[in-house]
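Chemist: Build the 3D model from these lines:
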Amino acid sequence: MLNTARASLYGGGRTSKFNIIFVAAVAVLIVILAFETFFNLNYRSIYVQGESMSPTLTGAPSNVSYAVRGGDYVFVDVHARPGYRDIVVLRAGTGKSNMHNIIKRAVAFGGDTVKIEGGVLYLKKAGQDEFVAQDEDYVSPLNASADYNYGEHTVAENCIFVLGDNRDNSTDSRGQYGDFSYDALVGVVPWWSLKFKGAITSIYTFFDFDLGLNRLKTI
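Modeler: This is a model prediction of the structure:
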């Protein structure tokens with residue numbers, strides 16, 4: 001009888017430990033699922049193509065399928081509003097067949113006036129009287145734009161004016177795109193996504209190309 005009681009106690013101990021482990025595993029799974037749900041509601045993964053944001057972001061060749069390795073992955077906050085110098089993703093083009101995402105840097109907003117003289121960006125914010133030269137340490141040092149000029153342009157209300165960091169090799173608000181309305185905004189790249197882009201790119205390069213996880217392409 002004593003042996004039976006001891007066996008019962010040991011069995012109960014094993015069952016108790018199993019229950020604790022099971023409950024802990026379920027709790028962890030719930031936390032992970034909750035975080036993933038929250039994350040997917042607020043962020044989208046972006047795969048970068050083209051060289052318009054070099055050297056800040058490395059883009060895969062843009063003239064081939066985006067299943068080509070080589071581009072950076074970043075996240076965008078789909079609920080954020082951009083500020084000066086923020087990197088944004090926007091919808092561009094006309095018609096469903098020609099719509100595509102572009103990734104650029106927001107440099108001016110509604111009511112601001114911009115100009116470029118000798119490759120230097122000048123900004124006169126809405127309500128101000130003077131232009132101020134912008135310190136753009138993110139612009140590609142390889143640009144041969146010392147003689148490049150862009151005339152004064154006042155950004156339309158409720159719009160964003162964007163430029164690529166690789167100024168000499170970027171199609172942006174200076175050309176066919178013009179000012180972007182906020183309706184075209186896909187999201188804003190948060191600071192942490194830029195800081196950890198190497199790790200994010202390594203993870204997504206491994207899983208995305210093998211599993212085909214959802215992503216948005218940008219140029």
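Chemist: got the buried residues for stretch 146-160?
Modeler: 150, 153, 155, 159-160 (16 or more other C-beta atoms under 10 Å). Every C-beta, even on glycine, is put in place using the N, C-alpha and C of the backbone.
Chemist: Now do the helices in this structure.
Modeler: 2-42, 191-195, 197-211 (DSSP state H).
Chemist: Run through the strands of this protein in chain order.
Modeler: 43-48, 73-77, 87-92, 100-109, 113-117, 120-124, 132-133, 150-154, 159-163, 180-181, 185-188, 216-218 (DSSP state E).
Chemist: just to revisit the earlier point, where among the helices of the chain is average confidence lowest?
Modeler: Lowest mean pLDDT within these: helix 2-42, a mean of 67.
Chemist: who touches the closest residue to V114 other than its chain neighbours in this structure?
Modeler: With C-beta to C-beta, 6 or more residues apart in numbering as the criterion, V114 has its nearest non-adjacent residue at 4.8 Å, and that residue is A108. Contact analysis of A108 by C-beta atoms under 8 Å, 6 or more residues apart in numbering lists 84, 114, 123, 155, 160-161.
Chemist: Which members of these define the maximum pairwise distance?
Modeler: L123 and I160 (13.3 Å; C-beta to C-beta).
Chemist: and the gap between the residue lying closest to A92 once chain neighbours are set aside and F206?
Modeler: Leaving aside its sequence neighbours, A92 sits nearest to I102 (C-beta to C-beta, 6+ apart; 4.9 Å). Distance, I102 to F206, by C-beta to C-beta, to the nearest Å: 26 Å.
Chemist: And for I87?
Modeler: 24 Å.
Chemist: These two: who's more crowded?
Modeler: I87 (25 against 10; other C-beta atoms under 10 Å).
Chemist: Run a quick check on that one versus W191, I expect a contact.
Modeler: No. Using C-beta atoms under 8 Å as the test, I87 is too far from W191 to be in contact (9.8 Å).
Chemist: check contacts around Y122.
Modeler: Listed by C-beta under 8 Å, 6+ apart, the contact set of Y122 reads 114-116, 131-134.
Chemist: One more pass at 7 Å, please.
Modeler: Contacts for Y122 were tallied using C-beta atoms under 7 Å, 6 or more residues apart in numbering; they are 114-115, 131-134.
Chemist: Of the residues you listed - the most surrounded one?
Modeler: Busiest of those [other C-beta under 10 Å] is V114, holding 23 neighbours.
Chemist: hang on, that residue packs against F161?
Modeler: Yes. Here V114 reaches F161: they are 6.0 Å apart, a contact under C-beta atoms under 7 Å.
Chemist: Share the number of residues neighbouring the nearest residue to V139 once chain neighbours are set aside, please.
Modeler: Using C-beta to C-beta, 6+ apart and skipping the chain neighbours, the partner closest in space to V139 is D165 (5.5 Å). D165: 22 surrounding residues under other C-beta under 10 Å.
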